[in-house]
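> Build me a model:
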Amino acid sequence: PTDPDQVLTLLDRLVERSLVDSPADRKSIAVLFEYAQYLAPEGDLLSLARSHASRVVRMLRWAQNPLIKRVNMAFCLIADRLNELNERLVQSSHVAVIEIPLPDQQERRLFCQWATRDNEFSELADFSIDQLADVSNGLTLMNLNVLLSQAMHTERRVDNSRFRELKKGIIERECQGLVEFIEPTNNLNMVVGHVEAKKRLEEDALWISRGKLDAAPMGYLICGPVGTGKTFLAECYAGSIGIPCVILKNFRSKYVGETEGNLQKVLSVLRSLGPVVVIIDEADAALGTRQAEGDSGTSARVFSMIARQMGDTRYRGKIIWMLLTSRPELLPIDLKRQGRAEVHIPLFYPMEEGELRSMFEVMAKKNKTALAEGTTPPVSPERRLTGADIESIVLGAKRRARADGRNELTSADLEFASNEFIPSSQGLHKELQEMAAVLECTQMSFLPTHWREKVADPDGRMRLQERMAAVRQILEE
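Next up is the predicted model:
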């Protein structure tokens, strides 16, 4: 029969009959339940349908039956996600949970040899089998089979650019759109200012690229006021190492248990994908806390899963976490302690004339706009322009030049756009974010001179905390 409850009833009879058979006539039995999450789905007692509850009870009875344990009989439940199975089954001391990881390099190499046994591999790809096995981390054997089948049946060779495109699409589908897989085209040479922060990141990138993973930090906390280029810096760091970069998107779901399942899937892919940089923007809002209420404990479980993975030293230099936030004081201390996001890098608005000039040049280059010689306008650091503000000024000047039929920006274009531009007036918010970044900093050399002097004062940090508390109270009122 196709009805699962009828099948389970018949299986129950088969089990009982096998147990009463004489040992000489008794057969070894293995029962495989594929897509077991639909037979015994997760849920509390009140939400489970009557048939689902009875299936869970029947399976628990099989698992606990001492007579079944004495004979050669096994029940195997197969599911994509452990959290989708009923917790009473998963947590039972009579049930063994076996996680099947994604294939490692050796398994991928053997599979490529087997799948292309009737073809000349050099005719299918620009890689050797060993090279393909090396760069295909994060893919399942099914993914590799699709990739090689396309090459065999469509006569389209797997070259480097096509492989990167296919791998990006496959991993994003595997993670069900929960991550954005990017390969950065910029490196730290594109970053203006932040000299000491760049120096530290360049050193770490060098160690990782040379395979000296024991010298790499587990993760970074990049903090600072809005518009200081936190995301751009993180992507440039990934580009300097030459490894993939993954942006963790919103993995939360309104359905019970699905959020944890989504995160479990993402973490499984990340473990096999390393080395990889994982960027979590607005980390204070995305990661939750232990104390979150009103969501049936989902936030606490998500927090626990991420904290446990971030602190797993087996993945030092393989999964590099970059938590980005303008409110680092809202992040739980468990995530930003040493051994997790251990290097805290504060970013600040450009304050020196040379830095501002370089920022205009970089933003023009980013937006593919030509600048005439010596066209950067005189801008007072007191305006506290962000990188986003400067980009807006460059784009305003570009529109003015295009209206005049010109492709090159002049000093008059930039000066006009600069005078027209009105920066955000949220001064207290920016001050609060800047003070929070200063207090989170883990290396004195990351701070600008004026902040370094204040922090070095014996009572400097205490006065900063008092000022921060006062500003927060004003904003709340």
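> Pull up the distance across stretch 129-148, start to finish.
11 Å (CA to CA, to the nearest Å).
> same thing with stretch 21-41?
End residues of stretch 21-41 are separated by 33 Å (CA to CA).
> Now that stretch: buried residues?
Neighbour-count burial for stretch 21-41, counted by 16 or more other CB atoms under 10 Å, picks out Phe33, Ala36, Gln37, Leu39, Ala40, Pro41. Backbone N, C-alpha and C define where each C-beta goes, glycine included.
> okay if I get those residues as a markdown table plus pLDDT and secondary structure?
Converted to a markdown table, the buried residues of stretch 21-41 look like this (pLDDT from 0 to 100; DSSP: H, G, I helix; E, B strand; the rest coil):
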| residue | pLDDT | secondary structure |
| --- | --- | --- |
| Phe33 | 94 | strand |
| Ala36 | 92 | helix |
| Gln37 | 90 | helix |
| Leu39 | 90 | coil |
| Ala40 | 88 | coil |
| Pro41 | 87 | strand |
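> Ala397: what's it in contact with?
Leu409, Asp413, Leu414, Phe416, Ala417 (CB atoms under 8 Å, 6 or more residues apart in numbering).
> Any chance of CSV for the buried residues of stretch 21-41, columns distance to Ile222?
Shown next, in CSV, are the buried residues of stretch 21-41 (distance: CB to CB, whole Å):
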residue, distance to Ile222
Phe33, 46
Ala36, 42
Gln37, 38
Leu39, 45
Ala40, 43
Pro41, 40
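> Would you mind listing the buried residues in the least confident helix or strand in the chain by mean pLDDT?
Scoring the helices and strands of the chain by mean pLDDT, DSSP states H and E places helix 160-174 at the bottom, with a mean of 75. Across helix 160-174, burial judged by 16+ other CB under 10 Å covers Arg162, Phe163, Leu166, Lys167, Ile170, Ile171, Glu172, Glu174.
> Please apply the same query to stretch 211-228.
Ala216, Pro217, Met218, Gly219, Tyr220, Leu221, Ile222, Cys223, Gly224, Pro225, Gly227, Thr228.
> Among those, which pair sits farthest apart?
Spatially, the most separated pair among those is Ala216 and Gly227, at 28.6 Å (CB to CB).
> returning to what we had before: export the contacts of Ala397 to a markdown table and tack on neighbour count?
Formatted as a markdown table, these follow (neighbours: other CB atoms under 10 Å):
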| residue | neighbour count |
| --- | --- |
| Leu409 | 22 |
| Asp413 | 27 |
| Leu414 | 27 |
| Phe416 | 16 |
| Ala417 | 21 |
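> Narrow those to those in strands?
Leu409 (DSSP state E).
> re earlier: what packs against the helix or strand just after the least confident helix or strand of the chain?
Following helix 160-174 in sequence order, the next helix or strand is strand 179-182 (DSSP states H and E). Helices and strands touching strand 179-182, by 3 or more CB pairs under 8 Å, 6 or more residues apart in numbering; DSSP states H and E, are helix 160-174, strand 245-248.
> what's in contact with the longest one?
Right, helix 160-174. By CB under 8 Å, 6+ apart, helix 160-174 touches 125-127, 132, 135-136, 138-140, 143, 146-147, 156, 158, 179-183, 265, 269, 273.
> hmm, back to that, widest-spaced pair of the contacts of Ala397?
Leu409 and Phe416 (10.5 Å).
> Tell me the one of the buried residues of helix 160-174 nearest Leu330?
Glu172 (29.2 Å).
> Low-confidence bits of the stretch 201-350 of the chain, can you list those?
Scanning the stretch 201-350 of the chain for pLDDT under 70 picks out 252-257, 274, 288-297.
> picking that back up, which ones among the contacts of Ala397 map onto helices?
Asp413, Leu414, Phe416, Ala417 (DSSP state H).
> what residues are up against the third one?
Applying CB under 8 Å, 6+ apart, we find Phe416 in contact with Ala397, Arg400.
> Excluding chain neighbours, what is closest to Asn143?
If the residues on either side of it in the chain are set aside, Asn143 comes closest to Ile170, at 4.9 Å by CB to CB, 6 or more residues apart in numbering.
> How about the contacts made by the residue nearest to Asp334 when sequence neighbours are not counted?
Of all residues not flanking Asp334 in the chain, Ala307 sits nearest, at 5.3 Å (CB to CB, 6+ apart). Listed by CB under 8 Å, 6+ apart, the contact partners of Ala307 are Asp334, Leu335, Arg340.
> Now do the same contact list for the residue nearest to the last one when sequence neighbours are not counted.
Pointing back at Arg340 there. Spatial nearest neighbour of Arg340, excluding adjacent residues (CB to CB, 6+ apart): Met310 at 4.4 Å. Residues in contact with Met310 (CB under 8 Å, 6+ apart) are Met218, Gly219, Trp321, Leu335, Arg340, Ala341.
> hmm, back to that, in strands only, show me the contacts of helix 160-174.
Val179, Glu180, Phe181, Ile182.
> Which residues are in contact with Arg452?
With CB under 8 Å, 6+ apart, Arg452 has these contacts: Met444.
> Now the phi/psi pair for it, please.
With angles defined as degrees, to the nearest 10, Arg452 sits at phi -60, psi -40.
> From Leu148, how far off is it?
Arg452 sits 56 Å away from Leu148, going by CB to CB, to the nearest Å.
> Provide the backbone phi and psi angles at Gly219.
phi -170, psi 170.
> just to revisit the earlier point, in TSV, list the buried residues of stretch 211-228 along with distance to Ala456 and secondary structure.
TSV is the format used below for the buried residues of stretch 211-228 (distance: CB to CB, whole Å; DSSP: H, G, I helix; E, B strand; the rest coil):
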residue	distance to Ala456	secondary structure
Ala216	29	coil
Pro217	24	coil
Met218	28	coil
Gly219	27	strand
Tyr220	24	strand
Leu221	22	strand
Ile222	23	strand
Cys223	20	strand
Gly224	20	coil
Pro225	22	coil
Gly227	27	coil
Thr228	23	coil
